[in-house]
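Novice: Quick check, what structure comes out for this input:
(one chain, ligands or ions: 3)
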Amino acid sequence: MMDRLDTEIAETPVAAGADTPDRTTSVAPARKVFVKTYGCQMNVYDSERMSDALARDGYTATDTPDDADLVLINTCHIREKAAEKVYSQLGRLNKLKKKRQREGSDLMVAVAGCVAQAEGHEITRRAPVVDVVIGPQTYHRLPEALAKARSGAKVVETDFPVEDKFTALPKAPEKIIRKRGVTAFLTVQEGCDKFCTFCVVPYTRGAETSRPVDAIVAEAERLAAAGVREVTLLGQNVNAWHGEGSDGREWGLGELLRRLSAIDGLERLRYTTSHPRDMDDGLIAAHHDLPKLMPYLHLPVQAGSDRILKAMNRRHTAADYIRLVERIRAANPDLALSGDFIVGFPGETDADFEDTMRLIETVGYAQAFSFKYSPRPGTPGADLDDHVDETVKSERLQRLQDLLFRQQRDFAKRCVGREIDLLLEKTGREPGQLIGRSPWLQPVIVDAKPEEIGDIVKVRITQAGPNSLFADRV
Ligand code: SAH
Ligand code: SF4
Ligand code: F3S
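Specialist: Ligands and ions are numbered 1, 2, ... in the order given. A predicted model of the protein is given here:
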């Protein structure tokens, strides 16, 4: 199973010299930034926003640290030795910085994201190469922090500020949105108040907040005007989003999706990640009513044993989840489900694990992400007794992934022969081919011309490979 969160995500294109504010007395010097992004889609979005902010100071993107004036690492703290990996990377950057200094130039290093938030001052203490540490709720202050750091100060910005970073951040210029492609992420909700006992997110991202409807609609309209055809709404608990709608009523995510559906040019909507407890009637109805809302739902359950679900503080049972899935499928029978699973949470017995396997059999997933439980410092789960042996975790993960792989493959096989709308996203490996995504998020390879990128075309799926589908034009 692909591990979405440990995957390194390619460098983010930076908004080159665009949207430059009035600078009557000076022109920002040309500088280069290398951005490395780890973690979830939210970090991808954040890296783009930081890049937009840096562009105003004359930064353009580079795809190697070797010619960068600034290296920005956007980090993830969700599992395993996340902090240690960051420190070893910083060790390498330290060598690069020394080399630069010998050559008479300099290199600035900034650490952003969830490790930055969790470690704070510890980072500049352990890794003096770092000039700026900046958290997920403070990164709109990055340009000022770098300016301060240039005069020699170490800057650590990890308070949860009162001002809204989204309001403070510059808008991405049209040219850059176009360069980023025909699909885009849009953060609508941040933080989490659920405090699952295994999870660091409530500590690194802070309390749950929702962006206002107007700001979201304006950002989506800008994306659509710049050629984006598909928007994925993001939030740690995206379906906890709520806000005052144009009709003065309190809207949930379903109503928001309805509003976004009305935007011309925007053809596809997705959202992630949802919590089962926040899947309300309005959102379920949206899956029935909105043709632009793709029939795919990432709805993590983590475990199938009520005892473990309780210990995880998920606050629902396995049966609640299965009933919910039935209601969602009744609203849209074509909907494909994806999930996240953790094996080896403290106290998980063989019988608990079998409950998880049974739940997977019952639900049937088109796609899934699964992980061995990793104790996170500062979370209640880490303090529990009865930690599961690593070899047992590995065995369980193997069995679980075998089952999920089989389900994923079966789902792909069932797609063969179907006629679907395909959004052409980018060039494929072979010339003359483009890659798009099926409504169920599978990569689909088809013969098409590069100028068709951004088009939605009718194709028939002819073959299911291990990681992608193949299709012919209809
Ligand atoms: N808000 C989402 C999950 C965000 S974290 C939800 O509630 O479902 C993404 C995934 O990482 C989780 O779904 C979980 O499966 C995994 N994860 C989080 N903390 C973990 C830990 N300590 N060990 C192993 N996996 C973890
Ligand atoms: Fe973490 Fe639970 Fe919040 Fe998801 S709902 S972000 S798993 S605390
Ligand atoms: Fe990782 Fe933070 Fe996202 S811990 S998963 S980058 S919210």
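
Novice: Report the mean per-residue pLDDT for the helix or strand where residue 88 lies.
Specialist: Applying DSSP states H and E as the criterion places residue 88 in helix 82-102. Averaging pLDDT along helix 82-102 yields 91.

Novice: Pull out the buried residues from the following helix or strand past that helix.
Specialist: Note on helix 82-102: by DSSP H and E, the next helix or strand toward the C-terminus is strand 108-112. For strand 108-112, burial by neighbour count (16 or more other CB atoms under 10 Å) applies to 108-112. C-beta: built from backbone N, CA, C; applies to glycine.

Novice: Report the contact partners of residue 149.
Specialist: Residue 149 makes contacts with 108, 131-132, 155, as judged by CB atoms under 8 Å, 6 or more residues apart in numbering.

Novice: Tell me how far the helix or strand containing it lies from the chain's centre.
Specialist: Per DSSP H and E: residue 149 is located in helix 142-150. Put simply, helix 142-150 sits 26 Å off its chain's centre (CA atoms, centre = their mean, to the nearest Å).

Novice: following it, which helix or strand shows up next?
Specialist: strand 155-157.

Novice: got the buried residues for the next helix or strand after that following strand?
Specialist: Downstream of strand 155-157, the next assigned helix or strand under DSSP H and E is helix 165-168. Using 16+ other CB under 10 Å as the test for burial, helix 165-168 gives 165-166.

Novice: Do you know the pLDDT at residue 19?
Specialist: 40.

Novice: I meant to write residue 65 there.
Specialist: 93.

Novice: Restricting to C-alpha, output the helix holding residue 88 in CSV.
Specialist: C-alpha atoms of helix 82-102 as CSV (Å, rounded to 0.1, in the frame of the first residue of the first chain):
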residue,chain,number,x,y,z
ALA,A,82,10.2,12.1,12.1
ALA,A,83,12.2,14.5,14.2
GLU,A,84,15.4,12.4,13.9
LYS,A,85,15.0,12.3,10.1
VAL,A,86,14.8,16.1,10.1
TYR,A,87,17.9,16.4,12.3
SER,A,88,20.0,14.2,10.0
GLN,A,89,18.9,16.2,7.0
LEU,A,90,19.9,19.3,8.9
GLY,A,91,23.3,17.8,9.4
ARG,A,92,23.8,17.5,5.7
LEU,A,93,22.7,21.1,5.2
ASN,A,94,25.2,22.2,7.8
LYS,A,95,28.0,20.8,5.7
LEU,A,96,26.6,22.6,2.6
LYS,A,97,26.3,25.8,4.6
LYS,A,98,30.0,25.5,5.7
LYS,A,99,31.1,24.9,2.1
ARG,A,100,29.1,28.0,1.0
GLN,A,101,30.7,30.1,3.7
ARG,A,102,34.2,29.0,2.6
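
Novice: what's the angle between it and strand 108-112?
Specialist: With axes from the mean of the first three to the mean of the last three CA atoms, to 10 degrees as the basis, helix 82-102 and strand 108-112 are set at 170 degrees to each other.

Novice: what does this structure put close to ligand 2?
Specialist: Selection of the chain residues close to ligand 2 by CB under 6 Å from any ligand atom yields 192, 194-196, 199, 201-202, 236-237, 275.

Novice: In helices only, show me the residues you listed.
Specialist: Those of the residues of the chain next to ligand 2 mapping onto helices are 201-202, per DSSP state H.

Novice: Quick one, which of the residues of the chain next to ligand 2 are buried?
Specialist: Buried subset of the residues of the chain next to ligand 2 (neighbour count, 16+ other CB under 10 Å): 192, 194, 196, 199, 201-202, 236-237, 275.

Novice: quick one: the helices in the stretch 301-450 of the chain?
Specialist: 306-311, 318-331, 350-363, 390-415 (DSSP state H, counting those that start in this stretch).

Novice: re earlier: between the buried ones among the residues of the chain next to ligand 2, which is nearest ligand 3?
Specialist: Ligand 3 lies nearest to residue 201 out of these, by CB to the nearest ligand atom, at 5.1 Å.
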